[in-house]
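Enquirer: here's a sequence, model it:
(chains A and B)
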Number of protein chains: 2
Amino acid sequence: MKKTALIMAGGRGERFWPKSRKSLPKQFLSLTDDGKTMIQLTVERILPLIDIDDIFIVTNTDYKELVKEQLPELPVQNILCEPAGRSTAPCIGLGAVYIRQKYGDAVMTVLPSDHLIKFTDMFRATLKDAFELAESGANLVTIGITPDYPETGYGYIKFNPASLQGRAYQVDRFVEKPTLKVAEEYLATEEYLWNSGMFTWKASVILDNLQKYLPEMYNSLLKIEKSVGTVDEERILEKAYKEMQSISIDYGIMEKAENIYILPGTFGWDDVGSWLAVGRIKRKNEAGNVVDGNIITIDTQDCIIQGEKKLIAVVGMKDTVIVDTHDATLICTKKNVGNVKKVLENLKICNRGEYL
Amino acid sequence: MKKTALIMAGGRGERFWPKSRKSLPKQFLSLTDDGKTMIQLTVERILPLIDIDDIFIVTNTDYKELVKEQLPELPVQNILCEPAGRSTAPCIGLGAVYIRQKYGDAVMTVLPSDHLIKFTDMFRATLKDAFELAESGANLVTIGITPDYPETGYGYIKFNPASLQGRAYQVDRFVEKPTLKVAEEYLATEEYLWNSGMFTWKASVILDNLQKYLPEMYNSLLKIEKSVGTVDEERILEKAYKEMQSISIDYGIMEKAENIYILPGTFGWDDVGSWLAVGRIKRKNEAGNVVDGNIITIDTQDCIIQGEKKLIAVVGMKDTVIVDTHDATLICTKKNVGNVKKVLENLKICNRGEYL
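Expert: Numbers count the residues shown, from 1 in each chain, chains lettered A, B, ... in the order given. This is a model prediction of the structure:
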C-alpha cells in the first residue's frame, strides 16, 4: 500500500521568541548546528521511506511561501493550507481526505514539523514498523517515547505490558500532562510512554474513527473531499473548515478509540519545547556555553547565547539565555524560560504586534 | 584675584562601554535623568562662581568638536588640546601656563569633568572656601570627601585633626588605594578623606611646585608658555608636550609637597566609576530596576537596563547590568562590572577597534 506522510506545520510557536515570530515560527527556524530548519530535517528524516511526492504539509496561507522556499522539491499541490487554526483533529482529517481523494487509500504517518530526532536510523526502523502494523490491519498506531525523567509538560500513554506483539504494545489509555508526583509514579511503573504526537494509520481508518467519534467534523470533511478539483474547492474548504470544532486528535479520537497500538521509541527524541532545548542540541564550548554569533564571554558559564551580527559581551553570567535579533533581545534565566510567554502577553496587551 | 577653572576632559574612560567609546567617552555622555552630559553638569555647577570666559577645558583634538557642541557658550580659545595623553600633572601644568599667560596670575580650581555632585549649593560653598584659602596665601588646597564606607578604589588623604583653621585641615599625606583592611582602619580613625581629584591653587603656586618637584616638566611648560600667540605655538606645544613625563599630579606633586590644606566635602559626590553608579544616580522603579529605553521586564529585580530603540525583554533576572547600543550589547552581573575592561582587552587583542 502507498506510504504517505502528513507533516503538521501550522503552529505559531511562541516559545522561541524573539527568533520565532508569527511570521517565522519554530518549524521554519534552524536551531541545530547543521543550519537546516526543523521542517527540512523532518522531511529529510523520512525521505528514504516515503517519496517526496507523497509527503503532504498542512500549514496555513501565511506560511505557504516559507514551505515552498524551504522545501523546493516538494510538489506545490502537496501544501495544504488550513483556512483557520482548528487544532490537530481537523488538520489530520483534512490531510486524510486529500490522501484518500488522491490514492483511494494509503497508509499515512502524521508527524510534527518541529521536533528533533538524534538517531535517525532507529527512528526510521520504528516508523517502518508503524507502517507495517497500520497496513496489516491494526487500527491506530502511535509512537511513544521511553521517558528519561518525570516530565510534567508531556502527555503520557499507558500500555499493557502483557500485550507485546512484535515490537508493539496495546494501549490502555492516553493521559493528559500529569503533576510531578503522578509523573514519578508513571515512571516507576515502566508502563507509560511519552505521547510524541506521531501517529500512523490508513487514511480510511482515521476517517472511520472521525466518523465514529467526531461525526459533525467528518461531515464537514466529506464536503471538502467532494469539492477537491472543482471550481468551488477554495470556497467550500474555507466554509467547511471554519465550521469544524477546534479539538486535538488526542482528546477527540485517541482518548476514546479502541484497538490502538504503541511502538516504544528510543531514538533521541526532543520536542524542542523551549530555548533550553538549544542547550541540549547544540555543541557546548568548554565553559558549557552554547554560543552563536558575534559573542565575547568573560567568566560566563552554562549560558545559551544566540546572536547575529551585533556584538554581545557577556560578563560573569551563569545559566542565562540570551537571544538577540535585529529588533528585539531576550535576556532570561534558564529557570524562567517558561515565562517568555509573559513577554508576548505584555506585547499583545500593549498592541505592539510588530514584535510578535 | 581672578577666579578660573580648569576642567580635565581628556579621559578615554572605558568603564561605561558599550555606551562610552574612544570617540565618546564618559564625560560627554548623559548618565543622569536630566539628559545633560557630565561635562555640561560640571560647567553648570561652577557658573555662579566663575565666568564662562574663565573656564578652560583641557582635552585632546579628538574631542574638541564634542566640547564645542556640548558647551556652545564657552570661548573656543578656552579649549586646550593636549597633543598626547600624559596623565594629570602635564595637563594641569598646561592649564596653569595658559592661565598665567592670560591673566598674569589667577586662582584656578582643577576639576574632573566626569564626576557627579548631588548637593550643588554645598559644593559651591566648599569651592568658595577653597578659592579664599588659595588666594589668602595657602599653598595647595584640595577637597576631600568624607568617606561613607571602606572603598578600595580611591586614594585617601590623611589630615591632621588638630590643625583645623576655619573649615580646612592641614594634610599629613596622600596615600594610594588601600586594601580593604587598611581602608577599614582609615575609616575607623576618622582622619582620612577620599581623594576627589579636585584642587584649588594660584596658577603661580602650582607652577612653583612643578618647578620644584618636576623641573624638567616645568622647563617644557615654559617653552609652551613663551610660544603662546606666536606662529610656532602649535609646533612647540606638540614637541614640548610629548617630551613631558606621564605622571599624575598626586604622585608628582601632592605626595611630596608641603603646606597642603584640605576642605572636607559632604556634598553627595560620586565619581561615577562604573555602571553601578547609574543605579545610584537614576530613579529606580518599584522593582528596584533602573530602566531606560524600550524595555519589558518580567520578574526582574535590581537591574540596570539601558537600552535604545531595540526592544529588550528581561525575564527572571536580578542584579544584572544590561546596556544596549546600536552595535554592541553588554550583559554583566553587578558583581562583575569591573571585568568589563576584559571585554575591551579582548577586543584590542582581536583588532576589533570598531567596538572600542
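Enquirer: from A:Thr4, how far out is A:Gly104?
Expert: Counting by C-beta to C-beta, to the nearest Å, the separation of A:Gly104 from A:Thr4 is 12 Å. In short, each C-beta sits where N, CA and C put it, glycine included.
Enquirer: which residues are in contact with the closest residue to chain B within the stretch 151-300 of chain A?
Expert: Residue nearest to chain B within the stretch 151-300 of chain A (C-beta to the nearest C-beta): A:Ile298, separated by 4.6 Å. Shown in contact with A:Ile298 (C-beta atoms under 8 Å, 6 or more residues apart in numbering or on different chains): A:Ala313, A:Val314, A:Val315, A:Gly316, B:Asn336, B:Asn339, B:Lys342, B:Val343, B:Asn346.
Enquirer: one more pass at 6 Å, please.
Expert: Each residue near A:Ile298 by C-beta atoms under 6 Å, 6 or more residues apart in numbering or on different chains is listed here: A:Val315, B:Asn339, B:Lys342.
Enquirer: out of the residues you listed, which sit inside strands?
Expert: Secondary structure assignment by DSSP state E places A:Val315 of those in strands.
Enquirer: what's the neighbour count on A:Leu164?
Expert: Close neighbours of A:Leu164, defined as other C-beta atoms under 10 Å in any protein chain shown, add up to 12.
Enquirer: contacts for stretch A:311-327, please.
Expert: So stretch A:311-327 is in contact with A:18-19, A:275, A:294-307, A:310, A:330-334, B:328-333, B:336, B:339, B:343, B:355, going by C-beta under 6 Å, 6+ apart.
Enquirer: any of those residues buried? List them.
Expert: Buried members of the contacts of stretch A:311-327, scored by 16 or more other C-beta atoms under 10 Å in any protein chain shown, are A:18-19, A:275, A:294-300, A:303-307, A:310, A:330-334, B:328-333, B:336, B:343, B:355.
Enquirer: re the thing from before, show me which of A:Gly104 and A:Thr4 is the more surrounded one.
Expert: A side-by-side neighbour count of A:Gly104 and A:Thr4, using other C-beta under 10 Å, places A:Thr4 first with 25 against 11.
Enquirer: hey, what's that one bridged with?
Expert: With DSSP bridges applied, A:Thr4 shows beta-bridge pairing to A:Met108.
Enquirer: quick one: residues in contact with the strand or helix carrying A:Asn209.
Expert: Following DSSP states H and E, one finds A:Asn209 within helix A:203-213. If you take C-beta under 6 Å, 6+ apart as the criterion, helix A:203-213 is touched by A:Gly93, A:Ala96, A:Ile99, A:Arg100, A:Asp105, A:Ala106, A:Met108, A:Met217, A:Tyr218, A:Ile253, A:Lys256, A:Ala257.
Enquirer: stretch A:189-202 too?
Expert: A:105, A:107, A:109-112, A:130, A:134, A:140-145, A:147, A:154-158, A:161, A:186, A:264.
Enquirer: ok, now which ones touch the most centrally placed residue in chain A?
Expert: What sits nearest the mean C-alpha location of chain A, by C-alpha atoms, centre = their mean, is A:Pro112, with 2.6 Å. Neighbour list for A:Pro112: A:Met8, A:Gly197 [criterion: C-beta under 6 Å, 6+ apart].
Enquirer: one more pass at 10 Å, please.
Expert: A:7-9, A:11, A:27, A:38-39, A:42, A:88, A:196-198, A:271-272 (C-beta atoms under 10 Å, 6 or more residues apart in numbering or on different chains).
Enquirer: A:Leu214 now?
Expert: Taking C-beta under 10 Å, 6+ apart as the test, what A:Leu214 contacts is A:Ala89, A:Pro90, A:Gly93, A:Ser220, A:Leu221, A:Met244, A:Gln245, A:Ile247, A:Ile249, A:Gly252, A:Ile253, A:Lys256.
Enquirer: circling back: show me the buried ones among the contacts of stretch A:311-327 that map onto helices.
Expert: B:Val343 (DSSP state H).
Enquirer: from the buried ones among the contacts of stretch A:311-327, which ones fall inside strands?
Expert: With strands defined by DSSP E, the entries of the buried ones among the contacts of stretch A:311-327 inside them are A:295-298, A:304-306, A:330-333, B:328-333.
Enquirer: what is the mean pLDDT for stretch A:83-91?
Expert: The average pLDDT within stretch A:83-91 is 94.
Enquirer: check stretch A:111-120 too.
Expert: Across stretch A:111-120, the average pLDDT comes to 96.
Enquirer: how far off centre is that stretch?
Expert: Chain-centre distance of stretch A:111-120: 8 Å, with C-alpha atoms, centre = their mean, to the nearest Å.
Enquirer: how about it: buried residues?
Expert: A:Leu111, A:Pro112, A:Ser113, A:Asp114, A:His115, A:Leu116, A:Ile117.
Enquirer: picking up where we left off before, sort out which of the contacts of A:Leu214 are in helices and list them.
Expert: Checking the contacts of A:Leu214 against DSSP H, those in helices are A:Ala89, A:Pro90, A:Gly93, A:Ser220, A:Leu221, A:Ile249.
Enquirer: counting neighbours, what do you get for the third one?
Expert: Neighbour count of A:Gly93, defined by other C-beta under 10 Å: 30.
Enquirer: got it, and the fourth one?
Expert: Neighbourhood size, A:Ser220 [other C-beta under 10 Å]: 25.
Enquirer: now the helix or strand where A:Asp129 lies against helix A:203-213, angle please.
Expert: Using DSSP H and E, A:Asp129 sits in helix A:120-135. Per axes from the mean of the first three to the mean of the last three C-alpha atoms, to 10 degrees, the angle that helix A:120-135 makes with helix A:203-213 is 60 degrees.
Enquirer: other SSEs contacting helix A:120-135?
Expert: strand A:3-8, helix A:38-46, strand A:107-112, strand A:116-117, strand A:140-145, strand A:168-175, strand A:192-202, strand A:260-265 (3 or more C-beta pairs under 10 Å, 6 or more residues apart in numbering or on different chains; DSSP states H and E).
Enquirer: ok, back up a step: can you redo the contacts of A:Leu214 as CSV with distance to chain B?
Expert: Shown next, in CSV, are those (distance: C-beta to the nearest C-beta, whole Å):
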residue, distance to chain B
A:Ala89, 33
A:Pro90, 33
A:Gly93, 38
A:Ser220, 40
A:Leu221, 41
A:Met244, 35
A:Gln245, 34
A:Ile247, 32
A:Ile249, 32
A:Gly252, 34
A:Ile253, 37
A:Lys256, 39
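Enquirer: contact residues of the stretch 151-300 of chain A facing chain B?
Expert: Within reach of chain B by C-beta under 10 Å from any C-beta of the partner chain, the stretch 151-300 of chain A has these residues: A:Asn294, A:Ile295, A:Ile296, A:Thr297, A:Ile298, A:Asp299, A:Thr300.
Enquirer: and if we set it to 6 Å?
Expert: Applying C-beta under 6 Å from any C-beta of the partner chain, one finds that the stretch 151-300 of chain A approaches chain B through A:Ile296, A:Ile298.
Enquirer: any weak-confidence spans in the stretch 151-300 of chain A?
Expert: The stretch 151-300 of chain A contains no residues with pLDDT under 70.
Enquirer: for A:Glu184, grab the count of nearby residues.
Expert: Using other C-beta under 10 Å, A:Glu184 has 13 neighbouring residues.
Enquirer: then it would be within a strand, right?
Expert: No. With DSSP: H, G, I helix; E, B strand; the rest coil as the criterion, A:Glu184 is located in helix rather than a strand.
Enquirer: for the nearest residue to it once chain neighbours are set aside, grab phi and psi.
Expert: The spatial neighbour of A:Glu184 that comes closest, neighbours along the chain excluded (C-beta to C-beta, 6 or more residues apart in numbering or on different chains), is A:Pro150 at 4.5 Å. In terms of degrees, to the nearest 10, the main-chain angles of A:Pro150 are phi -80, psi 70.
Enquirer: got a list of what A:Pro150 touches?
Expert: Applying C-beta under 6 Å, 6+ apart, we find A:Pro150 in contact with A:Ala183, A:Glu184, A:Leu187.
Enquirer: quick check, pLDDT for the nearest residue to A:Ile296 once chain neighbours are set aside.
Expert: Excluding its sequence neighbours, the residue lying closest to A:Ile296 (C-beta to C-beta, 6+ apart) is A:Ala313, at 4.6 Å. Note on A:Ala313: pLDDT of 98.
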